[in-house]
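*Asks:* Mind folding the following:
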Amino acid sequence: MMKRERPLFNKASLKGKTLEKQLTTVQMEIWKNVKQGFVELKLEEEGKLKFRAVEELLNEL
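*Replies:* As a prediction, this is how the structure comes out:
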């Protein structure tokens, strides 16, 4: 019989907490980076930020 994995969080302890308050330190750092990426993508779509191709960056090296 397979061993059942334990959940990462206890549902009772999470009641009333926002998603960000449920994250570990490492998860929060990753989440901040993901959010920053979405902000930058939105700015690029609005024409307020210009992305460069990876090839351009590599050619500078």
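*Asks:* in this protein, which helix or strand is least confident?
*Replies:* helix 11-14 (a mean of 62; mean pLDDT, DSSP states H and E).
*Asks:* Look up how far Q36 lies from E46.
*Replies:* Distance of E46 to Q36, computed by C-beta to C-beta, to the nearest Å: 16 Å. For the C-beta atoms, the positions are set from N, CA and C on the backbone; glycine is no exception.
*Asks:* Show me the helices in the chain, by range?
*Replies:* Secondary structure of the chain (DSSP state H): helices at 11-14, 19-22, 25-45, 54-60.
*Asks:* and the longest one, how far from the chain's centre?
*Replies:* When distances are taken as C-alpha atoms, centre = their mean, to the nearest Å, helix 25-45 is centred 5 Å away from the chain's centroid.
*Asks:* contacts for it?
*Replies:* Residues outside helix 25-45 that contact it (C-beta atoms under 8 Å, 6 or more residues apart in numbering) are E20, L23, L49, K50, F51.
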